[in-house]
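S.K.: Just a sequence and a predicted model for now, questions to come.
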Amino acid sequence: MTMNGSHPTNYLETLKKKKIAVVGLGRSGFATARFLLKNNISLFISDSRQDIDRHALEFIERNKIDHEIGENSDKILDSQLILISPGVPRDLPVIKKALNDGIDVINDIELLYRVLPQKKIVAVTGSNGKTTATALIGEIFNSYCSTWVGGNIGKPALSIFEDADCRELDFIVLELSNFQLESLTTFKPFISILLNITPDHLDRYNGFYEYAHTKYRIFRNQDKNDFLIVNRDDKHLKNIH
């Protein structure tokens, strides 16, 4: 794998050949846009809100990025890759159209993994306690090796390239919410940690079963070389093998 600064070039070069849309310009969407622009990758930004962050709007205008504010139109469907923020539901009409058309719809966590597939990732999820657990794991790991902590805990995943030299990192520790787990496809953490599952965010899901199975996505691509840590005291997790 060749390197360009702290970035592998193979997937980045692939991205340069694609039409890419970033949907949602919250913290993760803004970090995604900055990452793409820094690597000379063209993009289209769409946000349905009228009141987006002033710094994000200045970033768009300063860099003359093609964009739409106040709607999520079918312009998004001109893309070959769509990067959605956690707050953007996958059943949004234009996203459903994209999925039906076979367009790749992922998020910043999945993109991070594709760009840095060789890095060891510790992924933490659960209905309760995941922020505390992620912070604690990060502190412990940082005592022994170079570790970056982010995800739902506060730092968008792709801000890692602004914070650290990824060549020097031993581990990446990520807190993952259900909303982030929804858009993972090839993501394969070295260690997955599933703390607990209780009824939560059921307004976004068709019942508890669908919610729970979204949590299980954290480990679905793992193999015999990876580790899964599960809280067996949780009645919804005790039968996971």
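M.R.: Ah, there it is. Because the structure is a prediction, the values reported are computed rather than measured. Numbering: from 1, shown residues only.

S.K.: so which helix or strand takes in Leu36?
M.R.: helix 27-38 (DSSP states H and E).

S.K.: Please apply the same query to Tyr144.
M.R.: Going by DSSP H and E, Tyr144 is not in any helix or strand.

S.K.: Number of residues surrounding it?
M.R.: The number of residues packed near Tyr144 is 9, by other Cβ atoms under 10 Å. Using the backbone N, CA and C atoms, a C-beta is placed for each residue, glycine as well.

S.K.: likewise the one 4 residues further on?
M.R.: Look at Trp148: counted by other Cβ under 10 Å, it has 22 neighbours.

S.K.: Next one: it from Cys166, what distance?
M.R.: 8 Å (Cβ to Cβ, to the nearest Å).

S.K.: Then Lys155?
M.R.: 14 Å.

S.K.: hang on, the earlier thing: how far does the helix holding Leu36 sit from the chain's center?
M.R.: On the basis of Cα atoms, centre = their mean, to the nearest Å, helix 27-38 sits 12 Å off its chain's mean C-alpha point.

S.K.: need the helices for this structure, in chain order.
M.R.: 9-16, 27-38, 54-62, 93-100, 108-115, 130-142, 160-163, 178-181, 208-215 (DSSP state H).

S.K.: distance between the longest one and the chain's centre?
M.R.: For helix 130-142, the gap between its own C-alpha mean and the chain's C-alpha mean amounts to 18 Å (Cα atoms, centre = their mean).

S.K.: Then stretch 47-60?
M.R.: That offset, for stretch 47-60, works out to 20 Å (Cα atoms, centre = their mean).

S.K.: Identify all contacting residues around that stretch.
M.R.: By Cβ atoms under 8 Å, 6 or more residues apart in numbering, the list of residues contacting stretch 47-60 from outside reads 23-26, 29-30, 33-34, 45, 65, 67-72.

S.K.: now the residues you listed: which count as buried?
M.R.: 23-26, 29-30, 33-34, 45, 65, 67, 69, 72 (16 or more other Cβ atoms under 10 Å).

S.K.: among the residues you listed, which two are most distant?
M.R.: Largest separation among these by Cβ to Cβ: Arg34 and Asn72, giving 20.6 Å.

S.K.: And the residue nearest the centre of the chain, how close does it get to Glu175?
M.R.: In the chain, the residue lying closest to the centroid (Cα atoms, centre = their mean) is Ile109, at 2.3 Å. Distance of Ile109 to Glu175, given as Cβ to Cβ: 10 Å.
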